[in-house]
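>>> have a look; sequence and predicted model below, questions after that.
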Amino acid sequence: MQMGWQWLNRLKSFIQTKRGQRLLLGLMLLILAVDSSKILRGPSPFRSRSDFEDYFEASRRLNADEDLYKTGAMQSIFEQSVDLPTMKPEELLKLLIESKGVGAYLYPPFFAFLLTPLHTLDYKTAAIIFQTVSLALLAALLYLLHKQTEGSTYEYAVAIATLLYFPFLDDNAANGNVGFLLLFLCGAGLLWSFREGVISFLGGFLIGLATVIKIIPAFLSGVLFAGRRFFALAGFVAGILFAVLVPAMTGGWQKNLDRHQQWYSFLIDTYQKNLVVRPYANNQTVSAALSKLMIAGSDRKQEMFALPLVNLTAPQLPYFAMSVRLINLTLVGSLGLLLLMAAWRRPLDLKSDGAFFTAVLSLTLLTALVSSGVSWYHTYSLLLIPLALRMGSGPLHSMNTEERIAHYGPAGLAILLAILPFRWFEALSLYSLYTWVVLLAIVLHHRMAWKGLIGRKA
């Protein structure tokens, strides 16, 4: 045991050196690069081989002026009278092939347009370019975060934060997901937004682009407002307008408008009507967590783990939906009030506010993620940004117990879930342990943020 502690102390001391940090970050990037190659597997006629294939095929449809969201195929499937037990094998095969890619591309047209330079290439070549650029963007973000903590005694913060969220980063890499692009846009955008000059506008612009790819980064505009970063907010609006309008280059203004209306009907309107969307094991949101506990059929493996605990009947579902909506509105409303009070009392500042700034930033991202319709585990890799910034401003022992739990709870659980046996992982995912830890972190961040807000001088 004593030898084990000595080994851990030596490892800790090595990681705190610049050479150790570079070696650790280099090793993690190398592993991510190797796992990125998993999306190069052979094609399947029934399912996409990666998230990137969904994006890639969407870009091809966009540039060929075809049905971007495959709404025609979706409607055709819905109109068919499907009786699986009586279907002939060839009919079932045809249905599976027709359903491939239906509902797979969930983003506005901008991201498909962004992949236009790749759409004429074969899948493998395009995938290699996409994964290479994605890893380069992740490395660029880590460099920017390191520069932010440079000169501090705790420069190893970025390496440790990356290590803690490495399982979620690896999921992004192995699936060819958009996560690294979002991480860069949000992280670089936030850091630059709190600087002076034109770069502040650029920072907001990047967050605006991220918002059009995935709605969650929109919450960061609240942090900009709390910091009274009005030039960055102008960039945020400009980024949104740019990302909404620029896909018109592939089909004209009317076609672009039609595609955005399809996206709204396909995703936003559906979410507002159904509220519970894809309540599978890996979806760690309030709506999915409660659905897995209370609604049979939310995940096909519920019965293996004695779920649901309470099986709601059809007449009870509207009340369930209202309850979920109320919880999400409470989470978002309480965050909005905090950000409004912070902006009114004294502008939030990245450099001078330290723990208060990172508490507000982490709270903002946690609220956005857990109140969303769908947040897979890998989406929570966005929490790497506030954790790296907080660790860079002071050691672990400088945090009180609440702050440690709020910052390290979600990060530590990411590591724990990665090393547990798969059956345990499934059980904890179905019982949504990560969601409950996130909600606890939100409560603790609120307590710290309000204490910090009261203690700040106007």
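Ah, there it is.
>>> any idea how far residue 214 is from residue 329?
21 Å (Cβ to Cβ, to the nearest Å). The way it works is simple: take the backbone N, C-alpha and C, and place the C-beta from them, glycine included.
>>> and those two? which has more neighbours close in?
Comparing residue 329 with residue 214 by other Cβ atoms under 10 Å, the one with more neighbours is residue 214, at 22 against 11.
>>> please name the residues that touch that one.
Taking Cβ atoms under 8 Å, 6 or more residues apart in numbering as the contact definition, residue 214 lies against 107, 178, 182.
>>> thought residue 211 was touching the last one, still the case?
What that stands for is residue 182. No. Using Cβ atoms under 8 Å, residue 182 is not in contact with residue 211; the gap is 9.9 Å.
>>> so what sits against both of those two?
Here residue 182 and residue 211 have residue 217 as joint contacts, going by Cβ under 8 Å, 6+ apart.
>>> ok, these two, which is more surrounded?
Neighbour totals were compared for residue 182 and residue 211, and residue 211 leads with 25 against 22 (other Cβ under 10 Å).
>>> can you give me the helices in the stretch 251-400 of the chain?
253-263, 269-274, 286-294, 317-345, 355-370, 384-392 (DSSP state H, counting those that start in this stretch).
>>> so what does the first one touch, helix or strand wise?
Which is helix 253-263. helix 109-114 (3 or more Cβ pairs under 8 Å, 6 or more residues apart in numbering; DSSP states H and E).
>>> please repeat the previous calculation with a cut-off of 6 Å.
For helix 253-263, there is no helix or strand it packs on, judged by 3 or more Cβ pairs under 6 Å, 6 or more residues apart in numbering; DSSP states H and E.
>>> ditto for the longest one
Using 3+ Cβ pairs under 6 Å, 6+ apart, the elements in contact with helix 317-345 are helix 220-226, helix 286-294, helix 433-455.
>>> swap in 8 Å and give it another go.
helix 220-226, helix 286-294, helix 355-370, helix 433-455.
>>> any idea how far the very next helix or strand once past the shortest one is from the middle of the chain?
Later in the chain than helix 220-226, the nearest helix or strand by DSSP states H and E is helix 230-245. With Cα atoms, centre = their mean, to the nearest Å as the basis, the distance from the averaged C-alpha position of helix 230-245 to the chain average is 21 Å.
>>> can you check what angle separates helix 230-245 from helix 253-263?
Going by axes from the mean of the first three to the mean of the last three Cα atoms, to 10 degrees, helix 230-245 is angled at 100 degrees with respect to helix 253-263.
>>> report the helix or strand with the lowest average pLDDT across the protein.
helix 89-99 (a mean of 45; mean pLDDT, DSSP states H and E).
>>> around the nearest residue to residue 128 once chain neighbours are set aside, how many other residues sit close by?
For residue 128, ignoring the flanking residues on the chain, the nearest one in space by Cβ to Cβ, 6 or more residues apart in numbering is residue 40 at 7.4 Å. Residue 40 has 15 neighbours, counted by other Cβ under 10 Å.
>>> show me what contacts residue 192?
Residue 192 touches 199-200, 202-203, 206, 232, counting by Cβ under 8 Å, 6+ apart.
>>> highest neighbour count among those?
Neighbour counts for these peak at residue 232, which has 30 neighbours (criterion: other Cβ under 10 Å).
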